[in-house]
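Peer 1: give me coordinates for this.
(chains A and B)
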Amino acid sequence: MNSRNSISFSWLTSIGLISLLAFMEPAAAASDDSFEHAERLYDTYCTQCHGVNRDGNGVNSVFMSVQPRDHSDAKGMGDIPNSEIIDVIKKGGLAANKSVLMPAWGGVFSDEEVNQLAAYLRHVCKCGSDQ
Amino acid sequence: MKPYLFAAIGASFFATSLAVHAADVPAVLQSKCASCHALTKPESNSLDRLWERKGPDLHYAGNKFNKEWLVEWLQDPAKIRPAGEFYRKHVKPGTKEDVVDESSLAPHPKLARKDAEAAANALMTLTDPDGLIEKGAFKDQKVAMSMGAMYFNKLRGCAACHSAVPGKGGLSGPEMATAGKRLQPDFIYSYIKDPQKIDKGVWMPKLDISDADLQKLTSYIVQLSAKEDKK
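Peer 2: Below you'll find the model as predicted:
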């Protein structure tokens, strides 16, 4: 391979890589966009206990007798089936024999929003079969 | 008079009174309160509005507050919401738990006595035309404080977001230690029963609570401020 060919090859490789990156970026952004509403709901209603970083350290958690769930914990969250996550959001912690401090949000969120939140939690923990 | 004429007169009177209610917010409130509080029922209940509003809605203030408390508080406004309104805009990650970013909280303006009295009088005229607050719902039956505390702290988990004792309890909701002086008991009852009906979109869930338990919780919250007074 002469030097001219070698330069052309590296140009082609670069263009290929840039094209690939350009292709990947919008795909990743589109994936995050699909959680936009759920993320807004989470920020509005869930962060007070589950924390700005989604790690269970919300501003209310200081005096709580049971630590709110760490939603960033892949292991802990990965063990919970989707049906239970949906049940707990809608009916509260008692629905899964968990803490009463997790209230029922079924009177606030629509079923569709609950499903969106459940999917968003899988996105946050990067875990579970439905991520 | 024909029944339909009655109906027509009734409907036109109702429409007129509603229009006046919306348009005729007293001037003192327009100048002192309108920049941060909704004085008429907001058209939008969107999450965006919740994030943008600077203070709680006051369009039903006459069914919410006790006037004597308003007069005093407006002259010397102590913090009611430890994390402000709206809490999410004023909390940040701390060393372990999230903390309130005190630097982001603006104190409520203080009014001179004359203005406070005028504002309180005007606020009491802003009544709820939609029956959001159940008048006469609270039966004023005393509950033992230990029983009330058990409901508030353990059985219903109110303490997760509200403090019953200053400096102890949740921070995202208003403190309850002075709520009995601040709020009308029927408002407390109605708000616990369905916060979303009164304050659509607010970050307090609607729980399924029986009338008997609503009475206990309301009574406990009303009595808390009497307990504070004795200190």
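
Peer 1: look at the closest residue to chain A within chain B and tell me its secondary structure.
Peer 2: Relative to chain A, the nearest point of chain B is B:Lys206 (3.3 Å; Cβ to the nearest Cβ). C-beta: built from backbone N, CA, C; applies to glycine. Under DSSP: H, G, I helix; E, B strand; the rest coil, B:Lys206 falls in the coil class.

Peer 1: leaving out chain neighbours, which residue sits closest to it?
Peer 2: Leaving aside its chain neighbours, B:Lys206 sits nearest to A:Gly107 (3.3 Å; criterion: Cβ to Cβ, 6 or more residues apart in numbering or on different chains).

Peer 1: count the neighbours of B:Lys114 for me.
Peer 2: Counted with other Cβ atoms under 10 Å in any protein chain shown, residues neighbouring B:Lys114 total 9.

Peer 1: can I take it that it is in a helix?
Peer 2: Yes. Assessed by three-state DSSP, B:Lys114 belongs to a helix.

Peer 1: so which helix or strand takes in the residue nearest to B:Lys206?
Peer 2: Following DSSP states H and E, there is no helix or strand that holds A:Gly107.

Peer 1: that one contacts B:Pro205, doesn't it?
Peer 2: Yes. At 6.3 Å, A:Gly107 and B:Pro205 qualify as touching, with contact defined as Cβ atoms under 8 Å.

Peer 1: where does chain B have low pLDDT?
Peer 2: Along chain B, segments meeting pLDDT under 70 span B:1-24, B:227-231.

Peer 1: ignoring the adjacent residues along the chain, who's closest to the residue nearest the centre of it?
Peer 2: The centre of chain B sits closest to B:Lys64, judged by Cα atoms, centre = their mean, with a distance of 5.8 Å. Leaving out its chain neighbours, the residue that sits closest to B:Lys64 by Cβ to Cβ, 6+ apart is B:Phe187, at 4.7 Å.

Peer 1: near chain A, which residues of chain B are found?
Peer 2: Applying Cβ under 8 Å from any Cβ of the partner chain, one finds that chain B approaches chain A through B:47, B:50-51, B:83, B:87-88, B:91-94, B:96-100, B:154-157, B:159-161, B:163, B:168-172, B:194, B:196, B:201, B:203, B:205-208.

Peer 1: what's the ChimeraX syntax to select whichever of the residues you listed are buried?
Peer 2: Of these, the buried ones can be selected in ChimeraX as follows, counting by 16 or more other Cβ atoms under 10 Å in any protein chain shown:
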select /B:50,83,87,88,91,97,98,99,100,156,157,159,160,161,163,169,170,171,172,194,201,203,205,206,207
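
Peer 1: among the residues of chain B next to chain A, name the ones in strands.
Peer 2: Judged by DSSP state E, these include B:Val91, B:Lys92, B:Val99, B:Val100, B:Ser163, B:Lys168, B:Gly169 as members of strands.

Peer 1: tell me which two in the residues you listed are the farthest apart.
Peer 2: B:Lys92 and B:Lys168 (21.5 Å; Cβ to Cβ).

Peer 1: and the residue in chain A positioned nearest to chain B, what is it in contact with?
Peer 2: At 3.3 Å from chain B, A:Gly107 is the closest residue in chain A, using Cβ to the nearest Cβ. By Cβ atoms under 8 Å, 6 or more residues apart in numbering or on different chains, the residues touching A:Gly107 are B:Asp194, B:Gln196, B:Pro205, B:Lys206, B:Leu207, B:Asp208.

Peer 1: going by distance to B:Glu43, which of those residues wins?
Peer 2: Nearest to B:Glu43 among the contacts of A:Gly107, with distances taken as Cβ to Cβ, is B:Gln196, at 17.4 Å.

Peer 1: these two touch, right, that closest one and B:Ser190?
Peer 2: No. Contact between B:Gln196 and B:Ser190 fails when scored by Cβ under 8 Å: they sit 11.5 Å apart.
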